[in-house]
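J.: Quick one, structure for this:
(chains A and B)
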Amino acid sequence: MDHPIKRDHARFRKIIKGKIRDNLRRYVSQGQQIIPKGTDKFTVPMPSIDIPRFKFGDKQQGGTGQGDGQSGDPVQGQPDPNGQPGQGEAGEGEGNKELEVELSLEELARILGEELELPNIEPKGKKSLKSTVDKYTNIGTSGPDSLRHLRRTYKQALKRQIASDSYNPENPTVVPIRRDFRYKSWQAKVENENAAVVIYMMDVSGSMGDEQKEIVRTESFWINLWLKSQYKDIEIRYIIHDATAKEVDEQTFFRTRESGGTLISSAFTLCKQIIDADYPPTEWNIYPFHFSDGDNWSADDTKLCLDLLDNHILPASNQFCYGQVESRYGSGQFLKDLMARYGQAHDKLTLSKIKNKEGILDSIKEFLGKGK
Amino acid sequence: MNRTKPISGKLLDLKNEIEGYAIEYGLDFFPQIFEVCDYDTVNILAAQGGFPSRYPHWRFGMDYDQLSKGYAYGLQKIYEMVINTNPCYAYLLQANNWVDQKIVMAHVYGHNDFFKNNAWFSGTNRKMMDVMANHGTKIRRYMERYGQDAVETFIDRVLSLENLLDMNELFETPELRRKRRQGSEGDSTTEEGEFTVDDRSQALKAFMRTKSRAEKRDKSQEVTTHDDSPEKPLQRPQRDVLGFLMEHAPCEEWQSDIIACLREEAYYFLPQRMTKIMNEGWASYWHSKIMTERALDSSEIIEFADKHAGVMVMSKQNINPYKVGIELFRDIEYRWNTGKFGKEYNDCTDMREKDAWDKRLGLGKEKIFEIRKSHNDISFIDEFLTPEFCERQQLFTYKHNPRTGRFEIDKRDFQAIKQKLLMQLTNFGQPVIQVEDGNFKNRRELLLRHIHYGVDLDMQYAHETLKNLYGIWRRPVNLATISEEKEVIFHFDGKEMKPLT
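T.: Below is the predicted model of the structure:
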């Protein structure tokens, strides 16, 4: 049985997760607070969940220290000016500790899922796609020397020697013989293959400002998080466009700013090409996302877009999502056009209007709430 | 589930060796038990205040989380844990190297001697391990009966007030209390009179008391149903806030009992909070002495010096109790050996003469043993801090500069340093807050008063704390304090806190 403190620990984690859930809106709308750590861990800063006590206000208190320096020199190890300084109390470790909590991808995604009441995604007809993977999780009595498991071999030898009373604790020499040898061996595991690809498209023409991009970045972080928790394999592709489209990496995606006009069809065309080339719809769950401020060059181009959607992108995708970020310059026309064509309740197309950072969470819910 | 095991073999031999040195130097300690464990166990023990078994609470889990992370990232490592019990238990980290184990053992004998002999520890229950385990069992049972959430919430509230203690309670014995009670309340029924020899735990007694109180309440209600019997006015302010709540808050039996348990634990830890500098200084003094004069092998000197220096590192942000403690003990020993104290020395104005002052009194050792018996950090600093010491130790005060937004070195003046240090140590670093009235405005509201020594309370924390206090008192609570140089009473009515006008 585990030590009872593990229960206290679990309780603590539960409280933490509850806090994050309660404050999810704040975490989401303030963007960069959650820091990815490695591939599937995240660090979440927590406002201290200390037990409140009567205590002195820090600023007035000051303190005593040891070391050189003259009057007016800063005390080393400065807490940041806005934050709360460590207490000058003699040794009692009750300073303000900013708590940093580590959460796994699953945990964070579950919090998002619970808060937004997101349904699990039903991957489209890929159940038949199974693959067998060999995993070396077994131990066998025969095999090649290169797979010999030394520790198990010696353990076996030790067991045998103790059993046959040839083990001498004073002189613990353990010599394995042929039948003690143990080898790593494999076990075949059947895994359901459901791979997904997310294709982000973003308008980087002049009218999309930094704030708009920040919204897209935050939104894509949470969308990725959720999809990653739902699919074993996930690929993410990025397309930026103004009047022409090109595929870029993540860094570039969020940094680029062009000044040209806007032809949304250029992005859709590239998207179609990527799908055609790499992601046969029968094997992949495909999620194209398009973010823009709703300006398109001409009604003709919009017509071309609708064409591409109807004939290529929508049939291939699980869901196509269009997020319109409000900007000072954007007309928001594209959303209206899509709305006029498909209506709010289209099976495969989800439209969302993101007013500002506060709107991110609701928009995520609109995108992912269909469980597709 | 044995996570710790007694030492054996070479470590046991080492223990016997070190114990021999400790006796030789005149240390007087409880029987010492060392056990070894792995780092995870040390983290668990540290999170639980050194004790293997505590009541269930998320805070222990939080501390454990932080300690484990600190260890995993190599930021911190706990070498030893020692707890004030008889026999005295100490835990060694299995992975410590040999020199570490030596230092730790020598250090532990210092703590052990201090626990046994310092007057402020004289009232602590040396069977605290059992007491803590019993509290755990009891609270677990309450959780089963009343629900984990209800009990946990209540514990959260009580913990919020855990630092509002009266250090005079440390010398309170049942006899004293009874005497005073009978003196002040002539009519007091002999609630506790039945137990003449009373070595039951505080918590148990409290439990029995609430029971009899409840019975009494029932009776009085039978007799005069419309008499709400307002609490008698307090004869004098009470600093033992938890004690007050235990007796007067409208609590269920189990709630009073939980207050009693947590109060007992808080008082158990109180002497350690009051003697941090002395206790660590004393233990460091002895590990240093035992190691350098006896236990060290010549090949181990560099490593010892490295480790010792790591413990003694000075900080600009606050004073290191190990460092200030050991240096002050050494300074006192030196002064009493040479006679650099008293009127004659202080009145001497010739600096050269003062410097060469040596009366060859040899009273140093006697003096430091005497000090470790009768002082706490406040009296220790108050009596033995000297201007020369402050200068040698490069002590300074710092304060916040609102213009630059940082903390800056303020003064190196002896009086200023001493004053600041004493202020930090007053009431073990916690604000002094007392109960003044349990029937404020004749409306059964609670009035607390913050005795203001120049530093305001953090009002945000105060707000949260009042919320928790309200949860126990279940009537509006008031806090009188000084905020931004104005006297003010904050009133919390269960919804919001606002100043009374």
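
J.: Could you check how far A:Met201 is from A:Glu283?
T.: To A:Glu283, A:Met201 is 22 Å away according to Cβ to Cβ, to the nearest Å. C-beta coordinates here come from the backbone N, C-alpha and C atoms, glycine included.

J.: for B:Arg392, that is, sorry about that
T.: 77 Å.

J.: And for B:Ser299?
T.: Distance from B:Ser299 to A:Glu283, by Cβ to Cβ: 67 Å.

J.: More neighbours: those two, which one.
T.: Each of B:Ser299 and A:Glu283 has its neighbours counted (other Cβ atoms under 10 Å in any protein chain shown); A:Glu283 has more, 13 against 8.

J.: Could you measure from the more buried one over to A:Asn194?
T.: Relative to A:Asn194, and taking Cβ to Cβ, A:Glu283 is found at 9 Å.

J.: Check B:Tyr146 too.
T.: Taking Cβ to Cβ, one finds B:Tyr146 at 46 Å from A:Asn194.

J.: Neighbour count for those two, which is higher?
T.: Higher neighbour count among B:Tyr146 and A:Asn194: A:Asn194, with 20 against 14, using other Cβ under 10 Å.

J.: Let me know the pLDDT of that one.
T.: We note a pLDDT of 72 for A:Asn194 in this prediction.

J.: my read: it touches A:Tyr231, true?
T.: Yes: with contact defined as Cβ atoms under 8 Å, A:Asn194 counts as touching A:Tyr231 (5.7 Å).

J.: just the helices in the stretch 101-250 of chain B please.
T.: Assigned by DSSP state H, counting those that start in this stretch, the helices in the stretch 101-250 of chain B fall at B:128-146, B:148-159, B:174-184, B:202-223, B:241-248.

J.: What helices and strands are in contact with the second one?
T.: Counting contacts by 3 or more Cβ pairs under 8 Å, 6 or more residues apart in numbering or on different chains; DSSP states H and E, helix B:148-159 is packed against helix B:128-146, helix B:253-274, helix B:459-473.

J.: between the helix or strand following the shortest one and helix B:459-473, how big is the angle?
T.: Okay, so that is helix B:459-473. Helices and strands here follow DSSP states H and E; after helix B:459-473, the next one along the chain is strand B:477-483. For strand B:477-483 against helix B:459-473, the angle by axes from the mean of the first three to the mean of the last three Cα atoms, to 10 degrees is 160 degrees.

J.: How far away from the center of its chain is the helix or strand containing A:Gln251?
T.: Per DSSP H and E, A:Gln251 falls inside helix A:250-255. Remark: helix A:250-255 is offset 17 Å from the chain centroid, using Cα atoms, centre = their mean, to the nearest Å.

J.: Please work out which residues outside that helix touch it.
T.: A:200, A:202, A:213, A:216-217, A:236, A:238, A:240 (Cβ atoms under 8 Å, 6 or more residues apart in numbering or on different chains).

J.: Averaged pLDDT, that helix. What do you get?
T.: 82.

J.: Pull out the buried residues from it.
T.: Across helix A:250-255, burial judged by 16 or more other Cβ atoms under 10 Å in any protein chain shown covers A:253-254.

J.: go on, stretch B:398-416?
T.: So stretch B:398-416, judged by 16+ other Cβ under 10 Å, has buried residues B:398-400, B:406-412, B:414, B:416.

J.: And chain A, is it touching that?
T.: Yes: for stretch B:398-416, a contact with chain A is found by Cβ under 8 Å from any Cβ of the partner chain, at B:398-400, B:402, B:404-412.

J.: residue ranges with poor pLDDT in chain B?
T.: B:1, B:174, B:178, B:180-233 (pLDDT under 70).

J.: now swap in chain A and tell me
T.: A:1, A:31-32, A:47-48, A:59-60, A:76-98, A:123-131, A:191-193, A:330.

J.: same thing but at 50, please
T.: A:78-96, A:127 (pLDDT under 50).

J.: separation between B:Thr386 and B:Ile378?
T.: 16 Å.

J.: What helices and strands are in contact with the host helix or strand of B:Gly438?
T.: B:Gly438 belongs to strand B:432-440 when assigned by DSSP H and E. For strand B:432-440, the elements it packs on are helix B:241-248, strand B:445-451, strand B:477-483, judged by 3+ Cβ pairs under 8 Å, 6+ apart.

J.: now the strands for the chain?
T.: Using chain A here. Counting by DSSP state E, chain A has strands at residues A:35-37, A:41-46, A:63-66, A:99-104, A:130-140, A:183-192, A:195-203, A:233-241, A:245-248, A:284-292, A:320-325, A:349-354.

J.: Chain B, not that one
T.: Using DSSP E, strands in chain B cover B:5-6, B:32-37, B:80-83, B:88-93, B:395-401, B:406-411, B:432-440, B:445-451, B:477-483, B:486-492, B:497-499.

J.: what are the pairing partners of the third one, and which direction each?
T.: Read that as strand B:80-83. strand B:88-93 (antiparallel) (DSSP bridges).

J.: okay, the angle between the partner strand and strand B:32-37?
T.: Using the same axes, to 10 degrees: strand B:88-93 against strand B:32-37 is 30 degrees.

J.: I would like the residues contacting strand B:88-93, please.
T.: B:4, B:7, B:11, B:29-39, B:41-42, B:45, B:77-83, B:100-101, B:104-105, B:108, B:111-112, B:115-116, B:129.

J.: How far does that strand sit from its chain's centre?
T.: 20 Å.

J.: Alpha carbons only: can I get that strand in CSV?
T.: C-alpha atoms of strand B:88-93 as CSV (Å, rounded to 0.1, in the frame of the first residue of the first chain):
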residue,chain,number,x,y,z
CYS,B,88,14.7,11.4,20.1
TYR,B,89,14.1,10.2,16.5
ALA,B,90,16.3,11.3,13.6
TYR,B,91,16.3,10.2,10.0
LEU,B,92,19.4,9.9,7.8
LEU,B,93,19.2,9.9,4.1
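
J.: Tell me how many other residues crowd the residue nearest to B:Gln430 when sequence neighbours are not counted.
T.: Spatial nearest neighbour of B:Gln430, excluding adjacent residues (Cβ to Cβ, 6 or more residues apart in numbering or on different chains): B:Asn163 at 4.5 Å. By other Cβ under 10 Å, 24 other residues sit near B:Asn163.

J.: And for A:Met46?
T.: 15.

J.: what bridges to it?
T.: With DSSP bridges as the rule, A:Met46 is bridged to A:Leu99.

J.: Check the gap between it and chain B for me.
T.: 10 Å (Cβ to the nearest Cβ, to the nearest Å).

J.: How about A:Arg21?
T.: On the measure of Cβ to the nearest Cβ, A:Arg21 and chain B end up 16 Å apart.

J.: give the contact list for that residue.
T.: A:111, A:114-115.

J.: isn't A:Glu106 right next to A:Lys228, touching?
T.: No: contact criterion Cβ under 8 Å: A:Glu106 and A:Lys228 do not qualify, at 9.3 Å.

J.: Buried residues of stretch A:139-147, list them for me.
T.: A:Gly143.

J.: same thing with stretch A:153-170?
T.: A:153, A:156-157, A:160-161, A:167.

J.: Same check on stretch B:320-340?
T.: B:320-333, B:335-340.

J.: Contacting chain A as well, which ones from those?
T.: Okay, of those touching chain A (Cβ under 8 Å from any Cβ), that's B:320-321, B:323-324.

J.: Would you agree B:Gln272 is in contact with B:Asn279?
T.: Yes: taking Cβ under 8 Å as the definition, B:Gln272 is a contact partner of B:Asn279 at 6.7 Å.

J.: buried residues in the longest helix belonging to chain A?
T.: Criterion DSSP state H: the longest helix present in chain A is helix A:210-230. Buried residues in helix A:210-230, defined by neighbour count with 16+ other Cβ under 10 Å: A:212-230.
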